[in-house]
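Novice: Fold the following and give me the result.
(chains A and B)
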Amino acid sequence: MVTVVEDLGWSATRFVVDLGRLARFAAQVARAAVAPPIRVRLFVQEVFKLGVLSLLIVCVCGLAVGMVLSLQGYHTLVRFGAEQSLGAVVGLSLIRELGPVLTGLLATGRAGSATTAEIGTMVATEQLDALRMMSVDPVDLVVTPRALAMVFVMPMLAALFIVFGLFGGYLVGVGLMGVDPGSYMSSLQSAVDFRDDVGGSLLKALIFGVLVGLIATYRGFFAAPTSAGVGAATTSTVVVASVSILIFDYFITALWGV
Amino acid sequence: MSRAPLRDLLVGLFVLAGLGAVAYLSLSVGGLSTHGPGGLPVFADFDEIGGLKPRAQVVISGVKVGQVASIALDDKYRARVKLDLDAHLKLPVDTSASIMTSGLLGDRYVSLQLGGESEILKPGDRIAMTESAVVLERLIGKLVYGGDRGKTE
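Specialist: Predicted coordinates:
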């Protein structure tokens, strides 16, 4: 009985300690990002790994999500004789919600987990300690380019996801369901506002990029230096990043109405 | 090492595609481009605008010629709607504006009916003749009220 209470206390303490360590880690990454040795080549390399290699999955998922949204939206709207508004339904749900959130989840699974596993393996094989021995700061050399690349890549992937989603929605709505192309596009264009919808969507994607970038590198950096530790860190990245994306999504929407 | 230039090219293409997607979303879908200069701003005062919103369409004979730029209350508590019209339109000063609905429950839009005067509306001018939006609830209310009174009389 006592051990149960003790365990509870321990896990609560560990959570707070984790949070504090994450905040210090974030401050270190932020400092390394602006401090003089700006590592452009490493950054480009990470943009390739996190962005270019995620491109296919993001585009395919965007297309599929847009198509199914259009199909579902059509069947609901046609009951009210409002299938003219299909463009607005597909566009607003993609831009405001699904684009940034699903891109965040996809990037977590595709790029975040890989980042954690990579850094975790570096920890396990003592590569980061070797860097420290040569008085090279591993946060500056290993962590920062990856975290920054994630922040940079996320809005672009989200925008591509949305564009492919709109295209998929158009294909199904106009091509398959026979909605008038003019009314599809005009309802889309009159419903979507630049500042509130497109700007808010990119802001969300940017915040998710910060979240995923930080959590993925943090989990890898503090992974237990064993193969089991690397595995646990990778799993925890996917779980924690996905959950925090969904929770942050609610609060961003509630606070700023985007 | 020979893979590095290819990788840079792919990263460049990725950035271009991402920026292109952002630009498409902002300009074509988000309607940022329609706020360009060279518009013909015209005001119209309405008693009732119904559900008219900024960025609603302005049409002549059903063809889009501009959009609603902003809606505010003037000092006589009427709705002052600013219309942003195509710059090369030559509208007579006695043009009238009415707020219509596309379909029974569709979006509100402003329709312009041309007048016959030879003088032309200039930027910042006010359209004098306006027809307010038909509010469906009020219409139904009138119908019900009128019907009841008809019975009792």
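
Novice: Now do the nearest residue to residue A:84 once chain neighbours are set aside, the pLDDT please.
Specialist: Nearest residue to residue A:84, sequence neighbours excluded (Cβ to Cβ, 6 or more residues apart in numbering or on different chains): residue A:183, at 4.5 Å. In short, each C-beta sits where N, CA and C put it, glycine included. Predicted confidence (pLDDT) at residue A:183: the value is 80.

Novice: State the pLDDT value of the closest residue to chain B within the stretch 51-200 of chain A.
Specialist: Using Cβ to the nearest Cβ, the single residue of the stretch 51-200 of chain A nearest to chain B is residue A:156, 2.6 Å away. On the pLDDT scale, residue A:156 is placed at 92.

Novice: Against residue A:149, how distant is it?
Specialist: Residue A:156 is 11 Å from residue A:149, where distance means Cβ to Cβ, to the nearest Å.

Novice: so what sits against both of those two?
Specialist: Common contacts of residue A:156 and residue A:149 (Cβ atoms under 8 Å, 6 or more residues apart in numbering or on different chains): residue A:51.

Novice: Surely the residue nearest to residue A:84 is in a helix?
Specialist: Yes: the assignment for residue A:183 by DSSP: H, G, I helix; E, B strand; the rest coil puts it in a helix.

Novice: where's the residue in chain B positioned nearest to chain A, which helix or strand?
Specialist: With Cβ to the nearest Cβ, the shortest gap between chain B and chain A falls at residue B:18, namely 2.6 Å. Residue B:18 belongs to helix B:3-24 when elements are defined using DSSP states H and E.

Novice: In terms of secondary structure, what does that helix contact?
Specialist: Applying 3 or more Cβ pairs under 8 Å, 6 or more residues apart in numbering or on different chains; DSSP states H and E, one finds that helix B:3-24 contacts helix A:40-50, helix A:144-170.

Novice: The longest helix seen in chain A vs helix A:144-170, what angle?
Specialist: Longest helix in chain A by number of residues (criterion: DSSP state H): helix A:2-34. With axes from the mean of the first three to the mean of the last three Cα atoms, to 10 degrees as the basis, helix A:2-34 and helix A:144-170 are set at 90 degrees to each other.

Novice: Please point out which parts of helix A:2-34 sit buried.
Specialist: For helix A:2-34, a neighbour-count test (16 or more other Cβ atoms under 10 Å in any protein chain shown) marks A:22, A:25, A:26, A:28, A:29, A:32, A:33 as buried.

Novice: you'd agree the fifth one is up against residue A:214?
Specialist: Right, residue A:29. Yes: between residue A:29 and residue A:214 there is a contact at 7.0 Å, judged by Cβ atoms under 8 Å.

Novice: rewinding a little: now do the longest helix of chain A against helix A:40-50: the angle between them, please.
Specialist: Going by the same axes, to 10 degrees, helix A:2-34 makes 130 degrees with helix A:40-50.

Novice: roughly how far out does helix A:2-34 sit from the chain middle?
Specialist: 22 Å (Cα atoms, centre = their mean, to the nearest Å).

Novice: Output the contacting helices and strands for that helix.
Specialist: On a contact count with 3+ Cβ pairs under 8 Å, 6+ apart, helix A:2-34 meets helix A:144-170, helix A:200-221.

Novice: Give me the distance from the first one to the chain's centre.
Specialist: Centroid separation between helix A:144-170 and its chain, computed with Cα atoms, centre = their mean, is 9 Å.

Novice: Between helix A:200-221 and it, find me the angle.
Specialist: Using the same axes, to 10 degrees: helix A:144-170 against helix A:200-221 is 140 degrees.

Novice: Buried ones in helix A:144-170, by neighbour count?
Specialist: Using 16+ other Cβ under 10 Å as the test for burial, helix A:144-170 gives A:144-166, A:168-170.

Novice: and it with helix B:3-24, angle?
Specialist: Using the same axes, to 10 degrees, helix A:144-170 lies at 50 degrees relative to helix B:3-24.

Novice: do the last one as well
Specialist: Between the axis of helix A:200-221 and that of helix B:3-24 there is an angle of 150 degrees, by the same axes, to 10 degrees.

Novice: returning to what we had before: rebuild the buried residues of helix A:2-34 as CSV, extending it with pLDDT.
Specialist: Putting these into CSV (pLDDT from 0 to 100) gives the following:
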residue, pLDDT
A:22, 89
A:25, 88
A:26, 90
A:28, 86
A:29, 86
A:32, 84
A:33, 82
